[in-house]
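Q: please find the sequence and the predicted model below.
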Amino acid sequence: MSETIEAALRESPLDAVHKSFGAIMAERDGWSVPASYGDELLEYAAVRESGAGLIDLSSRGRLLVTGSEAVQFLNGLITNDMKTLAENTAMPAIFPNVQGRLLASVRVIRLADNPTEKAPVPAFLLETEAATHERVLKTIEKFTLAGDFHVTDQTATTAMISLQGKAAPEMIETVLVEAVAAMKGGSVLQTNWNDEAVTVVRAAPTGEDGFALIVGSAQAGSLWSSLVAAGARPVGYDALEILRIEAGVPRYGKDMDDTTVVTETNLDDAVSYTKGCYIGQEIIARIKYRGHVAKKLRGLVFDQFSKIEAPSPIRSVDDKEIGQITSTVYSPHVGQRLALGYAKYDYIASGTVVKGSDGSMGHVVELPFVHPGWQVPVEV
C-alpha cells in the first residue's frame, strides 16, 4: 500500500540529485520533496549565517500567460495592479473569491514582451504553491476562450531553484551571471546558462538575500551541481519551515485557506486599493476602509521551553480564547519558540501578552520576526 502511495507522488526533475546527496524524502502537497539532507540545523545555518542554502521549489506551480488581453483578464482576477507591473519585475498578488476570501497567493513575474508586427505581446509567469497550483490553473484557463489569452502550464517542463543567504549574490555571479548586484528586490533578469534560458528573480522569502532561478528540467541538475560546487548547501523542507516562520510567510493549508479573508493575512503588499474592480474587491475595500478586520495574522513569541503546538488556541491573560496558532517552531537564531497565528482585533497590538495552549506566556510582535540583515534577537 505504501509503495502505491509513494508511486503516486509527483517528483521534481532534481529527485535523483536529492537522493544522491542522501536526502530523506517526504510527502508535501502531493509531491516527493527532500525533508532534510541529514542535519536540518546545519542546513538552516547555511542560510541564516554567512553562507547560502539551495532549495528545490520545483513543486510550486508555474503558469505562463500570454496574449494582448492578458493584463485585462488577470487584472480582474487578482488583488494587485497588473497595469503597474513593468517588464522584468515581479509582484505578489492574491486570487480572491467573490466573498473576498483567499483562493491562492501568487507571485506574478512579467517577462520581456514578445515582439510582433502589430504591437508587443505581454508575457507573465504566475508562480504559486503546490497546494494551489491546480486551482489557479482552472481559474485562469477558462478565459482562454474569451479572447487573446493563452495559458501554458510549465510546472512539468521547468524546475525552480531558490538560493538564499548572504553569499547568494556572489554564488550567482560565479555560476550564472555577473549582473545580479544591480538587481533590486522583485526585479527579474532573463539570461542563458549552457544554452538554456534561465529566469532570475531577486526574492527573499527567508529573511535573507536570495534568488529564485527558473530553468528547463533537463538543465536543472547541472545548475544545481554547479551552485553546490560554488559553495551552496542543499537545504530541505524541515529547515525551510523554520526559515519561513521566522520570515513571517504564511503557508497555504496551514496559515491560510479559502476561509481566510484576504485582509487578515498580513499580505498587505499583495493588495492594491486604487486599481479598481476585481473579484471580491468590494468586500476587501470595505473591510480596509472601515478601519479594522475581525482578526489578523501576527507573530507570537514564547519561552524556548514552551510546548505549544499548531493548531491550538491563543488565550488572553484572563483565559478567554482570542485566536488560533497556525504554525510554530523553535528558532535557533532567536532562541525562543515562535508562532504564527490569528488574534482578534483587540489583541493584535505589539506587546500584548497572551497565553499558549500549554499555559506558557508569550506576547504579540509585528511580522516578520527576521528582516534582511537582521542581527538583534526579538526581546521577550
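A: Cool, got the structure. Numbering: from 1, shown residues only.

Q: what separation do you get for Leu57 and Leu240?
A: From Leu57 across to Leu240, the span is 9 Å (CB to CB, to the nearest Å). Just so you know, the C-beta spots here come from the backbone N, C-alpha and C atoms, and that holds for glycine as well.

Q: let me fix that: Ser217
A: From Ser217 across to Leu240, the span is 21 Å (CB to CB).

Q: which one of those two is surrounded by more residues?
A: A count of neighbours by other CB atoms under 10 Å puts Leu240 above the other of Ser217 and Leu240, at 26 against 17.

Q: just checking, next helix/strand downstream of the helix or strand of the chain with the lowest mean pLDDT?
A: Within the chain, no helix or strand scores below helix 2-8, which has a mean of 50 by mean pLDDT, DSSP states H and E. Later in the chain than helix 2-8, the nearest helix or strand by DSSP states H and E is strand 10-11.

Q: and after that following strand, which helix or strand comes next?
A: Downstream of strand 10-11, the next assigned helix or strand under DSSP H and E is helix 15-20.

Q: give me the residues contacting that next one.
A: By CB atoms under 8 Å, 6 or more residues apart in numbering, the residues outside helix 15-20 that reach it are 12, 25, 32, 34, 37, 56, 221, 224-225, 234.

Q: check the model's average confidence along the strand or helix carrying Leu297 for me.
A: Remark: Leu297 resides in strand 295-302, with elements defined by DSSP H and E. Strand 295-302 carries an average pLDDT of 97.

Q: low-confidence ranges, the stretch 51-200 of the chain, go.
A: Applying pLDDT under 70 to the stretch 51-200 of the chain picks out residues 116-117.

Q: mark out where each domain of the protein begins and ends.
A: As given by automatic domain parsing, the domain ranges for the chain are 2-58+156-246, 61-153.

Q: possible to save those domains as JSON lines with distance to Tyr289?
A: Shown next, in JSON lines, are the domains of the chain (distance: least, CB to CB, whole Å):
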{"stretch": "domain 2-58+156-246", "distance to Tyr289": "27"}
{"stretch": "domain 61-153", "distance to Tyr289": "13"}
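
Q: the nearest residue to Glu321 once chain neighbours are set aside bridge partners, please.
A: Here the nearest residue to Glu321 in space, its sequence neighbours aside, is Pro313; by CB to CB, 6 or more residues apart in numbering that works out to 4.9 Å. In this entry, Pro313 is beta-bridged to Gln324, by DSSP bridges.

Q: next up, the contacts around Pro313.
A: 321, 323-325, 357.

Q: cool, and Thr260?
A: Applying CB under 8 Å, 6+ apart, we find Thr260 in contact with 101-102.

Q: in which helix or strand does Ala90 reside?
A: According to DSSP H and E, Ala90 maps onto strand 89-96.

Q: mind checking how far that strand is from the chain centre?
A: Distance of strand 89-96 from the chain centroid (CA atoms, centre = their mean, to the nearest Å) equals 11 Å.

Q: just want the angle from the helix or strand following it to strand 89-96.
A: Note on strand 89-96: by DSSP H and E, the next helix or strand toward the C-terminus is strand 102-110. Counting by axes from the mean of the first three to the mean of the last three CA atoms, to 10 degrees, strand 102-110 lies at 160 degrees to strand 89-96.

Q: okay, now the sheet partners of the helix or strand that comes right after strand 102-110, with direction.
A: As assigned by DSSP H and E, the chain's next helix or strand after strand 102-110 is strand 123-128. When pairing is defined by DSSP bridges, strand 123-128 lines up against strand 61-66 (antiparallel), strand 102-110 (antiparallel).

Q: kindly reformat the ones you listed as TSV and extend each row with mean neighbour count and distance to Val261.
A: Listed next are those as TSV, based on neighbours: other CB atoms under 10 Å; distance: least, CB to CB, whole Å:
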stretch	mean neighbour count	distance to Val261
strand 61-66	20	23
strand 102-110	23	7
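
Q: now render those strands as a markdown table, adding distance to Gln304.
A: Shown next, in a markdown table, are the strands paired with strand 123-128 (distance: least, CB to CB, whole Å):
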| stretch | distance to Gln304 |
| --- | --- |
| strand 61-66 | 36 |
| strand 102-110 | 30 |
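
Q: circling back to that earlier point, quick one, which of the domains of the chain is nearest to Gln281?
A: Between Gln281 and the domains of the chain, the shortest gap by CB to CB is with domain 61-153, which sits at 7.8 Å.

Q: quick check: end-to-end length of the closest one?
A: Domain 61-153 has its terminal residues 8 Å apart, counting by CA to CA, to the nearest Å.

Q: list the contacts of the nearest residue to Gly280 once chain neighbours are set aside.
A: Distances taken as CB to CB, 6+ apart put Pro96 closest to Gly280, at 3.5 Å, once the chain neighbours are dropped. Taking CB under 8 Å, 6+ apart, we find Pro96 in contact with 79, 102-103, 262, 278-280, 284.

Q: pLDDT wise, what is Val370 at?
A: Looking at Val370, the pLDDT reads 88.

Q: how close does it get to Ala343?
A: 20 Å.

Q: ok, now Glu87?
A: Going from Glu87 to Ala343 by CB to CB gives 40 Å.

Q: looking at those two, which one has more neighbours?
A: Ala343 (22 against 13).

Q: shouldn't that one be in contact with Ile314?
A: Yes: at 5.9 Å, Ala343 counts as touching Ile314 under the criterion of CB atoms under 8 Å.

Q: pretty sure Ala123 contacts Val108?
A: No: contact criterion CB under 8 Å: Ala123 and Val108 do not qualify, at 11.2 Å.
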